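1. Model the structure of this input:
(3 chains)
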Amino acid sequence: MPCMTTLVWFRQDLRLADNPALAAALESGAAVVPVYVHAPIEEGAWAPGAASRWWLHHSLERLGEDLARRGSRLTLRAEPQSLAALLALARECGAVRIVWNRRYEPAAIARDQDLKAAFRAAGIQADSYNSALLHEPWTVQTRTGAPFQVFTPFWRHCLSLPDPPEPQGAPSALPAPPRWPASERPEGLGLLPRIDWAGGLRDAWTPGSAAAQGLLGRFLEEGFEAYGEQRDLPGTQGTSRLSPHLHFGEIGPREIWHATRRYAQERGRHTSWRGSKFLAELGWREFAHHLLYHFPQSAERPLREKFAAFPWKNDPALARSWTRGATGYPIVDAAMRELWRTGWMHNRARMIAGSFLVKDLLADWTQGARWFWDTLVDADLAGNTLGWQWVAGCGADAAPYFRVFNPALQGAKFDPDGAYVRRWVPEITRLPNEWVHRPWAAPAQVLAAAGLSLGEHYPRPVVDHDVARREALRALSSIKARHPAGPRR
DNA sequence: TGAAATGTTGGGGCG
DNA sequence: ACGCCCCAACATTTC
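-> Numbers count the residues shown, from 1 in each chain, chains lettered A, B, ... in the order given. As a prediction, this is how the structure comes out:
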């Protein structure tokens, strides 16, 4: 006679603290079988990319260890269909209930709805919870009941809502079932690359919720105060680097919210924390999920529909120079090499590199979104979509298309001492600061003194920014309506 | 969460 | 002393 068992289906909530689905399972007193199902085909066009898979492998290992320390186990299954895998597991365990934390990507929403109905039809109680967002997307709306399309009023509205609930700590023990079901080994999921290119990722990151908590604590102590000034400087460690941990749910936004509040209040700062630039970044994350939820086509298509007719050039050789970090613009190349090596790119650098791809190379923003999707450890459909539509100027609250970043000026402004470009583009290390962001303009004797021969050690610019900018503006005018087009409903 | 082009102002050189 | 021009510095407009 099997005792009551609940499946806790882990997805992008790979943590034990602040996990409402897990808490709900424990509350009932039932035995708990934690499970992760690897079913990438179900994710459609947005199955995890190579860098994400590397992260996921290690994150699952950490979660398994955390569970083992609490007398439990993580059951791993690799199947084409989550439903079949979970129904089979429920049968094996005699489970009568399954719980999970919600996801908000269009394909995941559709899949989860089908699953919920199928579980209920099979006599299995299915309940879902919110672990990933401060506020559910359908609860945030303008006075007229419409979704927000501009960040500032969106976030102002969120800040006016009651605080999200305080997160619960991790349980100290999980009731085990009488017998553990069979489990795939992490290696069996095939997440790790066949040839080991992940050395740079290993050096840069420690997946898992313990590391995430460590990063958050260190950031609050050392980075929070100066975040407003430091966050835009890619040559410094001014950001929290929590993005991949957030994507995989190793830490939740509510934990960050309340940890920030506590940090500020313990130091007698009762006013600034809610309105801080740091929490506003959580706001952008919320806004991204809000937009993807309300505009589910936006991962594939420009929100401003005029942009569907934009005359992209899509030159494969130029796109290749971009992915390889060989455009001849140091800050763009530094950004792309940081991404390739570490699976991450500083936010300011994302804007500069993104603007360059879309506006200087006239490549369709979806090409950039695809590359980031495969190479970023924090690749997130909502965030990636918002970021690329923002940079291309075709999204909600986006940078106007005519706002074109000048790589040399951005470099001078945000990497004035050249620390960032020198770290990732060592060819130009010996150029003085004055020329380090525009080696093409350096006098011959300066290049010679720096031991740099353009076209030999480091490429000449693949396009002339000045010319490219004008070409981009001309391309824009070709799709411009008499009245600027608003976002599509 | 831009940058370039264009306009305005005011100091200073100079005839 | 005066007008003219140049141009830097700043502001505004435009892309």
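2. The residue lying closest to A:E184 once chain neighbours are set aside in helix, strand or coil?
-> Among residues not flanking A:E184 along the chain, A:L76 sits closest, at 4.2 Å (Cβ to Cβ, 6 or more residues apart in numbering). For glycine as for every other residue, the C-beta is placed from the backbone atoms N, C-alpha and C. Secondary structure, DSSP: H, G, I helix; E, B strand; the rest coil: A:L76 is strand.
3. Can you pull the residues of chain A lying near DNA strand B?
-> Applying Cβ under 7 Å from any atom of the strand, we find that chain A lies next to DNA strand B at A:151, A:232, A:281, A:284, A:347-348, A:351, A:390, A:399-400, A:402-406, A:409-410, A:413, A:466, A:469.
4. Show me how chain A divides into domains.
-> A:5-131, A:133-165+A:209-294, A:299-479 (automatic domain parsing).
5. can you redo those domains as TSV with mean neighbour count and mean pLDDT?
-> Output for these, formatted as TSV (neighbours: other Cβ atoms under 10 Å; pLDDT from 0 to 100):
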stretch	mean neighbour count	mean pLDDT
domain A:5-131	19	98
domain A:133-165+A:209-294	18	95
domain A:299-479	20	96
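6. which bits of chain A sit near DNA strand C?
-> Taking Cβ under 7 Å from any atom of the strand as the contact definition, chain A meets DNA strand C at A:P400, A:F402, A:R403, A:L473, A:S477.
7. wouldn't the fourth one be in contact with A:F402 here?
-> Yes: between A:L473 and A:F402 a contact is recorded at 6.0 Å, counting by Cβ atoms under 8 Å.
8. list residues touching both of the two?
-> Counting by Cβ atoms under 8 Å, 6 or more residues apart in numbering, A:L473 and A:F402 have no shared contacts at all.
9. and the nearest residue to A:K480 once chain neighbours are set aside, how far is that from DNA strand B?
-> Of all residues not flanking A:K480 in the chain, A:K306 sits nearest, at 7.5 Å (Cβ to Cβ, 6+ apart). Taking Cβ to the nearest atom of the strand, to the nearest Å as the measure, A:K306 falls 18 Å from DNA strand B.
10. ok, A:K306 touching A:S478?
-> No: the pair A:K306 / A:S478 is not scored as a contact, 10.2 Å apart, by Cβ under 8 Å.
11. Where does the stretch 201-350 of chain A get nearest to DNA strand B, which residue?
-> Residue of the stretch 201-350 of chain A nearest DNA strand B, by Cβ to the nearest atom of the strand: A:W284 (5.1 Å).
12. got the contact list for that residue?
-> If you count contacts by Cβ under 8 Å, 6+ apart, then A:W284 has A:F151, A:G383, A:L386 around it.
13. In helices, which of these appear?
-> A:F151, A:G383, A:L386 (DSSP state H).
14. Just the closest of those to DNA strand C, please.
-> Nearest to DNA strand C among the ones in helices among the contacts of A:W284: A:F151, at 19.1 Å, using Cβ to the nearest atom of the strand.
15. OK, now which residue of the stretch 251-400 of chain A is nearest to DNA strand B?
-> In the stretch 251-400 of chain A, the residue that lies nearest DNA strand B is A:A399 (4.4 Å; Cβ to the nearest atom of the strand).
16. how about that residue, phi and psi?
-> Dihedral pair for A:A399: phi -60, psi 130, per degrees, to the nearest 10.
17. Same question for A:T6.
-> Backbone torsions of A:T6, given as degrees, to the nearest 10, read phi -120, psi 130.
18. again with A:A309
-> The phi/psi pair for A:A309 (degrees, to the nearest 10) is phi -100, psi 10.
19. what residues are up against the residue lying closest to it once chain neighbours are set aside?
-> Spatially, and ignoring its direct neighbours in sequence, A:A309 is nearest to A:I479 (5.1 Å; Cβ to Cβ, 6+ apart). By Cβ under 8 Å, 6+ apart, the contact set of A:I479 is A:K306, A:F307, A:A309, A:F310, A:P311.
20. Does A:T6 touch A:V99 like I think?
-> Yes: assessed by Cβ under 8 Å, A:T6 is found in contact with A:V99 at 6.3 Å.
21. circling back to that earlier point, I figured the residue of the stretch 251-400 of chain A closest to DNA strand B hits A:Q389, correct?
-> No: between A:A399 and A:Q389 there is no contact under Cβ under 8 Å: 9.7 Å.
22. Can you tell me, leaving aside adjacent residues, what's nearest to A:P106?
-> With sequence-adjacent residues excluded and distances taken as Cβ to Cβ, 6+ apart, A:P106 is closest to A:P296, at 3.8 Å.
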